[in-house]
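Enquirer: got a predicted model here, sequence first, then my questions.
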Amino acid sequence: MRAAGLIDSEPAVAGSAARSLPWRPSAYLAGLAGYVALTYWFAHGSLYLQGLILVAAVFGILAISLDLVAGMTGLYSLGHAGLFALGAYTTTLLYNDHHWSLWALLPVSIVEVGLVGLVLGALSLRVSGLYFAITTFVFTLVLTVVASDFAFTGGYGGLIGPIFPGFPGGLSWLGQSLIWCCMAGLLVAIAIALGLRNSPFYPVLLAIRDAEPFAAAAGARTALVKISVFGLSAAMAGAAGWIFAFQGIVSPGQFNWAVSVNILVMVILGGMNTTLGPVLGAAFVTMFPAQVNINPFWQEVLFGSLFVLVIVAFPAGAVGLVRMLLRALVGRVRPSASAPRVAVPPAADVSVERPPAAPARAAGTAAVPAVRCRDVVFAYTKGTRVLNGVDFVVEQGTIHGLIGPNGSGKSTLVDLIAGRLRPQAGTIEIDGTPLEHAGPAARARNGFMRTFQAAVLVRELPALDNVLVGLYSRVPRVALRAPVWPVLPGARRDARRMHAAALDSLSFVGARAWARNRVADVPHGVEQLTQLAAACASGPRTLVLDEPLAGLSPSEVEHAAELLSELKRSGVSVVLIEHQPRFVFALCDAVTVLDAGVVVASGPAAEVRENERVRKVYLGQ
Amino acid sequence: MSAVAPHPLELAGLSAGYGRYDVVKDVDLHVRAGEAVALLGANGAGKTTILRAIMGMVKHRRGSIRVHGVELSRMPTHRIARGHAALVPEGRRLFLNQSIEDNLVLGALHLRRDRKRVHELLDSVYDLFPVLGEHRRRSAAALSGGQQQMVAIGRMLMSDPDVLLLDEPSLGLAPIAIDGVADALTELRARGRSFLLVEQRVDLALRACDRVYVLAGGEIAVEERADAVDVEGRALINAYLG
Amino acid sequence: MLQVLLSGLAIGAVYGLVAMGFAIAFYVTRVINFAQGQLLMVAVMVTAAIARTGASPVLAIVCGILAAGAVGVLTYLVAVRPVLAFDRFSFAWLVSTLGVALILENLAAIIWGPTSRSFPTLLSGTSVHVGGATLTLQEVVTIAVAIVLAVAFEVVRKRTLFGKLGMAIAYDPEMARAIGANTTLFAIVAFAAAGVFAGVAGVLIGPITYSNPYLGDTYGIAGFVALMIGGTERPVAAMVGGLLLGVLGEGANRLINTQASDWFPFVVVVVILLLMPEGLFSIGGRLSGLLRGATRPREAAS
């Protein structure tokens, strides 16, 4: 087994530089101590320095909150100035006019703005991309206009904010209390971002961003997750608004659309989807104008030139630049293009390493079929039916081949079975449960998993993290726990278990050696195996594989065949969509042939193979 | 260089891919003047990548791509499209926001100064597909799949290229429409056009072409004259497809 | 009522021209040029500066418009093209075009001073009576020019090979390259046209606003809002969005109170976006599909 060990260690070198081990308490403690010392120093600094820090920290919180939606879920919000304003105005108005307690106003701001964020997200997420940006942009515009044109908000002049209470006598040695407050706020924001990024939920978020069907198939309710993340982000902006109210005056000019755009600029300059990037970006954008003491117009020109230069030269932002340099320093130890293809483990290994929970879950009642479709009709556009009354039954514990020429409706049928599409007529039962009106998430919870024709994975994450996505439906409340992940008692144990399960699954498919390599850097065959590992990791009872052999070399095809037989031995029912007839008939217990949206033949493999029409239509004989 | 005149298409040591790993590895392939060549292979074998590499639509490519001796491997796509090669892409990719005739005329973009020539070409396309001539003002989006495929083939012909590239023109078409495509291919062959056809359907490829290549795992596995492919040969090809 | 409508159309025509500039650049490159408003400002400032030297106002205006076009092209080459070459789907252009906006605005303030200065008037204060309403000649010309430009654009787009090529590039840029389109050249032309539209808007509004380096902010945002009302799919719809925005603002001013034009149009925009999330004239979800699905380039595997 020395050889296997060698393969195990070889490609792993490269990936570890990108994301180090999740938990290193000593490093975090040292960082925390430094942070507290810095805060102490700021709190005793000049008023000028304190002013800078206050603004930088508040915008740091905002930039982090925006990065949660923009970087992690790909939603470019331009509504953050509006959400920020909402927090600041709520605090100021309720304190000035109604004398609410400042400490009660913090949770009030957080909850209020968070709820507004949820509503805004729910309304604008019907459309994505640019129109999400536009809708949130208009939200900011409207809030600014309301703030400037109505009397209760003090118009353009704004309102005078509350004064932050100083430390009680015994603690006055700590210095300026507001600095401690905003630095604490920033720390919490960083902790939330860090927690999310180190939680097993992070790969799921990126999957929702880059490979939504994959995330949905793994059981994530993607729309709900997006809205919730936006709500969390909004709540953080609300908290930033609460802190900002203490810096003096709250006026519309501080929250206009340009501020929204500026926050996004901070995120992009610092580095999208990084923990410290947004903070660096915020510090740079807020402090730069104050630090460069030249003609204010030239200063703005310089500022604008920096925007252009940085983004043109380093499109990944400051943190991206640092990473690039680090990678160059660490050296190119990555496997070269000629690195060995999939390491096919000896057959003995395969039988030892098994998907963790498969046998227990696979004990479905043999009486009901794993999948049963009755008279399924589907049309993408009215009139042209892609599927026209399809009956399709997969018995428990069998491998069922689904073949047919390109365009015969195979993928459509799979999407229907997997819940990505809803049939216009007919019923679909999985393990006896009628699910034709349920989405992919409900299926994942019922032990149903699928893979996609062209591997849909998060390319910037290691193979291991992609497999973690597949475990989503197996870890209770992982989404809810994610923001506070590091401090939860059971979290470390769960994370360890998930990592172990994901590694097991990668071992099972024979791709463990690639666990720490980014999917973007692995060969096509490993990508396919990673997909399979993600689908197997949760120990599904039913597995639908959409052309898992596409693009594999002959030896990889042999290896995949082994895996399928192994899955079948452990009681998993497999639906195999495949083009390569030789392979299908050798491996499958039963085969269904689809052509032009109707079933041409269905039954035991040997029978279907001899069918006259199948030979003619499909095998070209 | 054994041939006196260079071939309409000659690939030598072509490797191409999208990321760190090549999809197509060290492929040698040629199409002689007036020859119809089929490129067969399973899904993911790299067929489309070869066509995209010829058109300059793949980011990374190494090796040599010559059309009548002109090296294309460093040319940008839009210059390759000016008469050297033209593509019927997978899924047709018509400009569905425009009419049949607009789609066709856009195909002759580089000939736009020569109106007479464009009209001749247009007439020859309408001659090949009379049904298009009858509906020339109709929106491309309103056509059936088979008719759209005709427009895609016509658009390719409009640039009067040295070599024609067709990516699975039978894909997703009803049997009768596939017959139409096969007829069109036969007609192109009769007109002496040189083309490279990517296909999944072995029967169609053997019927329409003089020679076949079979691609497996990004490499050429088999090269054979179409009329020399007997039952055993078919079995061999089928084995590579599956 | 007619007065409100006509005055609204006059100011809306200016918004519409800026919005069409946004839309033309977006149509071809899928980039929103946040320096679009500053292109208007460049035209105004250059025209005013040349006119101050005693040159003929017509020459000044032509130079102003051309300058806006040239700066548009420069914006594309410096701030847009390199970013798209790195990743066609990132939003990094947001930062770089904003950087250009900052540079232009402050360079103008350095060169010509931050305060308002005179702008040449070609059309003296003659007024035109339409029904019961009175318009200045300037306003009449503004509406006419906007309509002529919008119609001309639509004719070029639909009736010329050049325009059809533009539609092809907008629909499927990769396939357009595969039929021989030089998409880079086309993008340069689009940014030039976007600059010219903004420049024309600038010289039309100049006599009312005078020349001021901060004009770009006001008209850039108005044009952007007009774009959102009209939707991004058809540049001519952006003109309609601009006209609508102008009339709404004018109507709100007269009928609600003098400051209502600040917020009333936005309320309408919110309603429009909630009911028709892709703009008043949305024709389908193709764009949103593009932006939703295509965060990563499609990689054909076979």
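Expert: Arrived safely.

Enquirer: count the neighbours of A:Arg24 for me.
Expert: Residues contacting A:Arg24 under the criterion other C-beta atoms under 10 Å in any protein chain shown number 11. (Glycine included, C-beta is placed from N, CA and C.)

Enquirer: point out the residues in chain B that sit beside chain C.
Expert: Of all the residues in chain B, those in contact range of chain C (C-beta under 8 Å from any C-beta of the partner chain) are B:18, B:23, B:41, B:43-49, B:52, B:55, B:57, B:76-79, B:81-82, B:86-87, B:89-90, B:93, B:95-98, B:102, B:105-107, B:109-110, B:112, B:155, B:159.

Enquirer: out of those, which end up buried?
Expert: A residue is treated as buried here by neighbour count (16 or more other C-beta atoms under 10 Å in any protein chain shown); on that basis the buried members of those are B:18, B:23, B:41, B:43-49, B:52, B:55, B:57, B:77-79, B:81-82, B:86-87, B:89-90, B:93, B:95-98, B:102, B:105-107, B:109-110, B:155, B:159.

Enquirer: could you report the neighbour count for the spatially closest residue to C:Leu59 that is not a sequence neighbour?
Expert: With C-beta to C-beta, 6 or more residues apart in numbering or on different chains as the criterion, C:Leu59 has its nearest non-adjacent residue at 6.8 Å, and that residue is C:Ile50. Applying the criterion other C-beta under 10 Å, we find 20 residues in the vicinity of C:Ile50.

Enquirer: any idea how far whichever strand or helix holds C:Ile50 is from the chain center?
Expert: Per DSSP states H and E: C:Ile50 is located in helix C:36-52. How far helix C:36-52 lies from its chain's middle: 15 Å, per C-alpha atoms, centre = their mean, to the nearest Å.

Enquirer: and the angle from the very next helix or strand once past it to helix C:36-52?
Expert: Where DSSP H and E defines the elements, the next helix or strand beyond helix C:36-52 is helix C:57-75. The directions of helix C:57-75 and helix C:36-52 differ by 150 degrees, with axes from the mean of the first three to the mean of the last three C-alpha atoms, to 10 degrees as the criterion.

Enquirer: now do the helix or strand that helix C:57-75 is followed by: which elements does it pack against?
Expert: With elements assigned by DSSP H and E, the helix or strand that comes after helix C:57-75 is helix C:81-86. In this structure, helix C:81-86 packs against helix A:296-313, helix C:93-112, with contacts taken as 3 or more C-beta pairs under 8 Å, 6 or more residues apart in numbering or on different chains; DSSP states H and E.

Enquirer: next, the residues that contact the shortest one from outside, please.
Expert: Contact with helix A:296-313 is made by A:265, A:268-269, A:288-289, A:292, A:294, A:317-318, C:78-79, C:82-83, C:92, C:95-96, C:98-103, C:105-107, C:109-110, C:114, as judged by C-beta atoms under 8 Å, 6 or more residues apart in numbering or on different chains.

Enquirer: flag every buried residue along that helix.
Expert: Under the neighbour-count criterion of 16+ other C-beta under 10 Å, helix A:296-313 has A:297, A:299-304, A:306-308, A:310-312 buried.

Enquirer: same question, the longest one
Expert: If you call a residue buried by 16+ other C-beta under 10 Å, then helix C:93-112 has these buried ones: C:93-110, C:112.

Enquirer: then stretch C:72-90?
Expert: Taking 16+ other C-beta under 10 Å as the criterion, stretch C:72-90 shows C:72-76, C:78-84, C:90 as buried.

Enquirer: for the stretch 401-550 of chain A, give me the ranges with low pLDDT.
Expert: Across the stretch 401-550 of chain A, the ranges flagged by pLDDT under 70 are A:406.

Enquirer: and the helices in it, which stretches?
Expert: For the stretch 401-550 of chain A, the helices defined by DSSP state H, counting those that start in this stretch occupy A:410-417, A:440-445, A:463-470, A:478-481, A:491-509, A:524-537.

Enquirer: for chain C, same thing?
Expert: Listed in chain order, the helices found in chain C under DSSP state H are C:2-29, C:36-52, C:57-75, C:81-86, C:93-112, C:137-159, C:161-171, C:173-178, C:183-209, C:215-230, C:235-255, C:264-275, C:286-293.

Enquirer: contacts for the third one next, please.
Expert: In this case it means helix C:57-75. Contacts of helix C:57-75 (C-beta under 8 Å, 6+ apart): C:21, C:25, C:33, C:35, C:38-40, C:42-48, C:50-51, C:97, C:100, C:104, C:120-122, C:188, C:191-196, C:198-200, C:202-203.

Enquirer: which of those residues are buried, as a ChimeraX select command?
Expert: Selecting only the buried entries of those in ChimeraX, with 16+ other C-beta under 10 Å as the criterion:
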select /C:21,25,33,35,38,39,40,42,43,44,45,46,47,48,50,51,97,100,104,120,122,188,191,192,193,194,195,196,198,199,200,202,203
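
Enquirer: give me the residue ranges of chain C where confidence is low.
Expert: Under the criterion pLDDT under 70, the flagged ranges of chain C are C:88-89, C:262, C:273-274, C:276-302.

Enquirer: can you name the residues of it that neighbour chain B?
Expert: By C-beta under 8 Å from any C-beta, the residues of chain C that approach chain B are C:161, C:164-165, C:167-168, C:170-172, C:174-183, C:299-302.

Enquirer: buried only: go through these for me.
Expert: The neighbour count (16+ other C-beta under 10 Å) marks C:164-165, C:167-168, C:170-172, C:174-183, C:300-302 as buried among these.

Enquirer: ok, which of the helices of the stretch 401-550 of chain A comes nearest chain C?
Expert: When the helices of the stretch 401-550 of chain A are ranked by proximity to chain C, the top entry is helix A:524-537, at 7.2 Å, counting by C-beta to the nearest C-beta.
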